[in-house]
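*Asks:* Give the three-dimensional model of this entry:
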Amino acid sequence: MNVEVTGNLVQYRWYVIFVTLCILMITKVAFAASAAEVKGISEKAVEVGVVSQATHESWVEEEHRLLEEIEDLENLLEHIQWQRKKLVVYKSDLQGKIADLQKKAAAMEAVNMKLLPVLEANLTKLQTMVAADIPANMTERRKALNHAAVVLNDYDMGLLDKTRAVLDAVAREVDFGHQVNVLEDEIELDGQRRRVKILQVGRIGVYAMTPDSEKAWQWDMSASIWQPIENDAAAIRDAIEMAEGIRLVGLSRLPLTQPETETMQGGTKQ
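*Replies:* Alright, predicted model coming up:
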């Protein structure tokens, strides 16, 4: 509004100046002595009018430009004031969230102090148990245990990832106890390497048989050696064929030994 008033005042001033000049010119014309002087005065009056009009138009254009600039600045000022109000709200909200995160971080640190030693202790017991367990699928089992150990020793890993790694290793060992697998491998028998088919029946037992099905062995958990089987080779052959899908599933009388296990908590053998 102030700019509009200023522009109107400027226009009014130019209008007054123009009228005054015209009056002066007319007055001078009235006292002019000759027609030539009247002509000169008239021409000057016209020149003054043209210049005045041009100046007036330039002032009008400048006025419009200034009004638009003022409107833009007012809109910008209004937006900045809105932003300042929102920043106050955002700051308060962020302060509350930071306080909550600090509380959660403190609680998580307390949980870490209690849970991480438990995870490491149980992983160590699991590694000991696997090392003393039946020699079946040891590469994959040790790989899973090594992965869990790496995750536990990684500073950047969170508690959830570390807990999941240990529980996955435990779950893998639980599943292993319910698996029946057949594979071919080389094992040491009577001081020499021999290629055999190995039958793993959960944690009940591990059996080996030559490709011609003539000789068979059973893993002795207590002595950690392969013991030859004299009379039950046919039962082992039948069980291998059932596991491979060659023979229909039926009953098989495998030779069994008293299982030897190690508990996760006490580490005692039963």
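*Asks:* Just the pLDDT for Asn75.
*Replies:* At Asn75, the pLDDT value in this model is 92.
*Asks:* In terms of helices and strands, where is it?
*Replies:* helix 35-131 (DSSP states H and E).
*Asks:* what helices or strands is the helix or strand following that helix leaning on?
*Replies:* On the C-terminal side of helix 35-131, the nearest following helix or strand under DSSP H and E is helix 138-152. Where contact means 3 or more C-beta pairs under 8 Å, 6 or more residues apart in numbering; DSSP states H and E, helix 138-152 is packed against helix 35-131, helix 159-176. Every residue, glycine included, has its C-beta placed from N, CA and C.
*Asks:* okay, helix 138-152 in PDB with CA atoms only?
*Replies:* Taking Å, rounded to 0.1, in the frame of the first residue of the first chain, the C-alpha atoms of helix 138-152 are listed here in PDB:
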ATOM      1  CA  MET A 138      31.400 -81.900   9.000                       C
ATOM      2  CA  THR A 139      32.300 -79.300   6.300                       C
ATOM      3  CA  GLU A 140      28.900 -77.700   6.200                       C
ATOM      4  CA  ARG A 141      28.400 -78.000  10.000                       C
ATOM      5  CA  ARG A 142      31.800 -76.400  10.700                       C
ATOM      6  CA  LYS A 143      31.100 -73.700   8.100                       C
ATOM      7  CA  ALA A 144      27.900 -72.700   9.900                       C
ATOM      8  CA  LEU A 145      29.600 -72.600  13.300                       C
ATOM      9  CA  ASN A 146      32.400 -70.500  11.900                       C
ATOM     10  CA  HIS A 147      29.900 -68.100  10.400                       C
ATOM     11  CA  ALA A 148      28.200 -67.700  13.800                       C
ATOM     12  CA  ALA A 149      31.600 -67.100  15.400                       C
ATOM     13  CA  VAL A 150      32.500 -64.400  12.900                       C
ATOM     14  CA  VAL A 151      29.100 -62.600  13.500                       C
ATOM     15  CA  LEU A 152      29.600 -62.700  17.200                       C
END
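*Asks:* Centre of the chain to it, how far?
*Replies:* Remark: helix 138-152 is offset 25 Å from the chain centroid, using C-alpha atoms, centre = their mean, to the nearest Å.
*Asks:* Would you mark the buried spots in it?
*Replies:* By 16 or more other C-beta atoms under 10 Å, the buried positions in helix 138-152 come out as Arg141, Ala144, Leu145, Ala148, Ala149, Val151, Leu152.
*Asks:* Check what pLDDT the fourth one gets.
*Replies:* Among the per-residue scores, Ala148 holds a pLDDT of 94.
*Asks:* Double-check it against Val166; I have them as touching.
*Replies:* Yes: using C-beta atoms under 8 Å, Ala148 is in contact with Val166, at 5.3 Å.
*Asks:* what do those two both touch?
*Replies:* Leu123 (C-beta atoms under 8 Å, 6 or more residues apart in numbering).
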